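J.: Next come a sequence and a model predicted from it.
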Amino acid sequence: MRIGENDGWGAAEDMTSDVNTEERRQDNGNGNDNGSGSGWGGRDDGWGSHDNERGDKGNGWGGQDNGRGDKDNGWGGRSDGWGNERNERDERSAPRRGSGNRMDNRTREPVDMEATAKVVDGLMETLQNVNIKLADKQADVNSPLFSVKSFEELGLSPELLKGIYAMKFVKPSKVQEHALPLLLSDPPQNMIAQSQSGTGKTAAFTLTMLKRVDPTLNVPQALCLAPTRELARQILDVIQKMGQFTSVTSALCLREEAPRREPINAHILVGTPGTLLELERRRLVDLSQVRVFVLDEADVMLDKQGMGLQSMRLRKICPEYCQLLLFSATFNGAVIEFAHMIIPNANEITLKREEVSVDSIKQYYIECDSYHHKMEMLSTIYGLLTVGQSIIFIATRNSAEEVKARMEDEGHMVSLIHGGMTPAERDTVIDEFRQGRTRVLLATNVLARGIDVLQVSLVVNFDLPMTPERYPDPETYVHRIGRTGRFGRSGVAINFVHNDLSRQVLRSLEEFFEREIIRMPTESVELLEQKLQSLNRGQTAVPPNPDIPPL
Ligand SMILES: Nc1ncnc2c1ncn2[C@@H]1O[C@H](COP(=O)(O)OP(=O)(O)OP(=O)(O)O)[C@@H](O)[C@H]1O
């Protein structure tokens, strides 16, 4: 069921947790995710186990609000999708096809070597120039990073300005420039804000929370909800850096971190909704004085199939008067409609659909002829993956484990993160990746949104994103590729297609965002390999993250 449909909001909670049908099936089989009890720390209790590992779904594609007409028009219908899914599965269990077969397919297509060389040069240039001249970008009127104002003109306290400059921010981005004066004005105003991935939304809502808190009151006054533990940890980190010259305190409310008996009195609470509800139920957090209520990745946080009910319950527990802020890079029509229902009279910053994807991310696809060919291709482009840092998105946990094993068999070093891992394991994996100690990260949609690692120069969609109903998932796509190209940096996204279904999904994504995804001929991969080999001879490791001290 999609947001905005009148289904009796407040009906029994759907504890569905995961990123797609297949992951869910897997979890249901284990009986881990669908419980609704309330014991602490148990696997079936809904205690954070479901709310911090799901990805995106229910995006309105094919529905009444997406401007694409009915499901059959844009997308060929459900039965096609299922048929193709079966093919995909069969292919995986089938014996490996010889490469001769694949070469036959490839040689049938005439190859434009000039175009191929151009693709390769463009790619190399993009990947090698992750660092940017921000001043140029922020002076470009058409850039989402452009602003006419300085931070001093936005009404921030000296302590907050100090925090901003300690983070090496020089000028606000467009969303910061437009949102902050409204967000910080009195009386407080609600806001629905949409801006492209990596354009600094976190700073906008963080500064609002920091400014609204009265540090003399020893009680939570701002609440920020995020869909995953990784994102909640990252937001807390931004709050602490930005607020380092204030006396505002903050705490993480995640299953593993939350105290079992001690109340949490920090001024700003950041966490996943299931955990916060549980803490509130146990009277370990007092939400009666919350003045700012933030939903980061608001479109998934309002998704009725996922965390929407929990988010709404928390909002109802907070005072009526609190300032409500919804931030995301994507808001489809149904979500916006629903957001209007719950926050009437909000200020709104929105984007046209064709503005949503980030210009500095170059988008390519590689045509494979089977699942196994995708595997081979991933192994072939390993050199490319390690020029900077890369994230490879895979549809399911099982498939991700399988890809990891295959890559390791071939001698490649990769790490893996998915919702089935323990919180401690997930923390280790993401921390190592942030520190640049690992370069290639395989992930399910658990990492599709919000994660900010500036050195990520390449995102690979090993599987294109689809909703649990097997429709193309443009929102997840744009969030996934947005893990690169952060704040004006360049980035590359490579999509693998290998059957009719994935080709249709690719075309649908192009149509949706009105943006061409360029074919990268497999021949160019060979050319790339040669260039990479010569590059690697003179290349040092990924540049260290300046914010992280050496080990
Ligand atoms: N004004 C600024 N000047 C320089 N860097 C900035 C500025 N604002 C934010 N950044 C940096 O830009 C990066 C992206 O910011 P952030 O993570 O807030 O993006 P976002 O819009 O929330 O992205 P997403 O939609 O993916 O969640 C971060 O590394 C952040 O520190």
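T.: Looks like it arrived, so ask away.
J.: Pick out the residue nearest the middle of the chain.
T.: Arg449 (1.1 Å; Cα atoms, centre = their mean).
J.: my read: that one touches Thr228, true?
T.: Yes: with contact defined as Cβ atoms under 8 Å, Arg449 reaches Thr228; the gap is 7.3 Å. C-beta: built from backbone N, CA, C; applies to glycine.
J.: Quick check: closest non-adjacent residue to Gly450.
T.: Leaving aside its sequence neighbours, Gly450 sits nearest to Leu231 (Cβ to Cβ, 6 or more residues apart in numbering; 4.1 Å).
J.: Neighbours of that neighbour, how many?
T.: Leu231 has 24 neighbours, counted by other Cβ atoms under 10 Å.
J.: so which helix or strand takes in it?
T.: Here Leu231 is covered by helix 229-242, with elements defined by DSSP states H and E.
J.: what about that helix, distance to the chain center?
T.: Distance of helix 229-242 from its chain centroid, counting by Cα atoms, centre = their mean, to the nearest Å, is 15 Å.
J.: what do you get for stretch 208-224?
T.: Its chain's average C-alpha position is 27 Å from that of stretch 208-224, according to Cα atoms, centre = their mean.
J.: and it, which residues are buried?
T.: 208-213, 219-224 (16 or more other Cβ atoms under 10 Å).
J.: Just the ones of those residues in strands?
T.: Counting by DSSP state E, those place 222-224 in strands.
J.: Could you list the contact residues of the stretch 151-300 of the chain toward the ligand?
T.: Within the stretch 151-300 of the chain, the positions lying close to the ligand (Cβ under 6 Å from any ligand atom) are 169, 172-173, 176, 195, 197-203.
J.: Nearest to Leu160, out of these: which one, please.
T.: Lowest distance from Leu160 to those (Cβ to Cβ) belongs to Ala203, with 10.2 Å.
J.: circling back to that earlier point, rebuild the residues of the stretch 151-300 of the chain next to the ligand as TSV, extending it with distance to Glu402.
T.: Below are these laid out as TSV (distance: Cβ to Cβ, whole Å):
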residue	distance to Glu402
Phe169	42
Pro172	44
Ser173	40
Gln176	42
Ser195	36
Ser197	28
Gly198	30
Thr199	35
Gly200	37
Lys201	35
Thr202	34
Ala203	39
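J.: Tell me where the model's unsure across the protein.
T.: Filtered on pLDDT under 70, the chain yields the residue ranges 1-113, 115, 127-141, 143, 145-148, 258-259, 530-551.
J.: What residue spans form the domains of it?
T.: For the chain, the TED database gives the domain ranges 125-351, 361-539.
J.: now for these, which one comes closest to Lys118?
T.: Going by Cβ to Cβ, the one of the domains of the chain nearest Lys118 is domain 361-539, 9.0 Å.
J.: Report whether that closest one contacts the ligand.
T.: Yes: against the ligand, domain 361-539 shows contacts by Cβ under 6 Å from any ligand atom at 450, 452, 454, 482, 486-487.
J.: Report the spatially nearest residue to the residue in the stretch 401-550 of the chain that the ligand sits nearest to, omitting neighbours in sequence.
T.: Per Cβ to the nearest ligand atom, Phe487 is where the stretch 401-550 of the chain lies closest to the ligand, at 3.4 Å. Excluding its sequence neighbours, the residue lying closest to Phe487 (Cβ to Cβ, 6+ apart) is Gly198, at 5.2 Å.
J.: And for that neighbour, the neighbour number?
T.: Neighbour count of Gly198, defined by other Cβ under 10 Å: 27.
J.: re the thing from before, who touches the residue nearest to Gly450 in this structure?
T.: Counting by Cβ atoms under 8 Å, 6 or more residues apart in numbering, Leu231 touches 296-297, 449-451.
J.: can you check Ile518 too?
T.: So Ile518 contacts 119, 362-365 (Cβ under 8 Å, 6+ apart).
J.: which phi and psi does it have?
T.: phi -80, psi 140 (degrees, to the nearest 10).
J.: ok, now Thr249?
T.: phi -110, psi 160.
J.: Not including adjacent chain positions, what is the nearest residue to it?
T.: Of all residues not flanking Thr249 in the chain, Ala266 sits nearest, at 4.4 Å (Cβ to Cβ, 6+ apart).
J.: Could you check how many residues crowd around the one you found?
T.: The local packing of Ala266 (other Cβ under 10 Å) involves 21 other residues.
J.: is it true that Val478 lies in a strand?
T.: No: counting by DSSP: H, G, I helix; E, B strand; the rest coil, Val478 falls outside a strand, being helix.
J.: That one: what's it in contact with?
T.: Neighbour list for Val478: 197, 329-330, 356-357, 513 [criterion: Cβ under 8 Å, 6+ apart].
J.: Switch these over to TSV; also include distance to Pro144, secondary structure and neighbour count.
T.: Formatted as TSV, the contacts of Val478 follow (distance: Cβ to Cβ, whole Å; DSSP: H, G, I helix; E, B strand; the rest coil; neighbours: other Cβ atoms under 10 Å):
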residue	distance to Pro144	secondary structure	neighbour count
Ser197	10	coil	26
Ala329	10	coil	24
Thr330	14	coil	25
Val356	10	coil	24
Ser357	11	coil	24
Phe513	15	helix	18
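J.: Same list (those residues) but as TSV, adding distance to Asn190.
T.: Shown next, in TSV, are these (distance: Cβ to Cβ, whole Å):
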residue	distance to Asn190
Ser197	23
Ala329	19
Thr330	19
Val356	22
Ser357	27
Phe513	28
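J.: Tell me the one among those nearest to Gly491.
T.: Taking Cβ to Cβ as the measure, Gly491 sits nearest to Ser197 out of the contacts of Val478, at 10.1 Å.
J.: so how far is stretch 463-475 from its chain's centroid?
T.: 14 Å.
J.: Check stretch 443-463 too.
T.: How far stretch 443-463 lies from its chain's middle: 7 Å, per Cα atoms, centre = their mean.
J.: hey, C-alpha coordinates of that stretch in CSV?
T.: In CSV, the C-alpha atoms belonging to stretch 443-463 read as follows (Å, rounded to 0.1, in the frame of the first residue of the first chain):
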residue,chain,number,x,y,z
ALA,A,443,26.1,-3.3,0.0
THR,A,444,22.4,-3.9,-0.2
ASN,A,445,20.1,-0.9,-0.1
VAL,A,446,20.9,-0.5,3.6
LEU,A,447,23.6,1.9,2.4
ALA,A,448,21.6,3.5,-0.5
ARG,A,449,20.7,6.7,1.4
GLY,A,450,22.5,9.5,3.1
ILE,A,451,26.0,7.9,3.6
ASP,A,452,28.6,10.5,3.0
VAL,A,453,32.1,9.3,2.1
LEU,A,454,33.7,12.0,0.0
GLN,A,455,36.3,9.7,-1.6
VAL,A,456,33.6,7.5,-3.2
SER,A,457,34.2,8.1,-6.9
LEU,A,458,32.3,5.1,-8.3
VAL,A,459,29.0,3.5,-7.6
VAL,A,460,28.1,0.2,-9.4
ASN,A,461,24.6,-1.1,-9.6
PHE,A,462,25.4,-4.7,-10.0
ASP,A,463,21.6,-5.1,-9.8
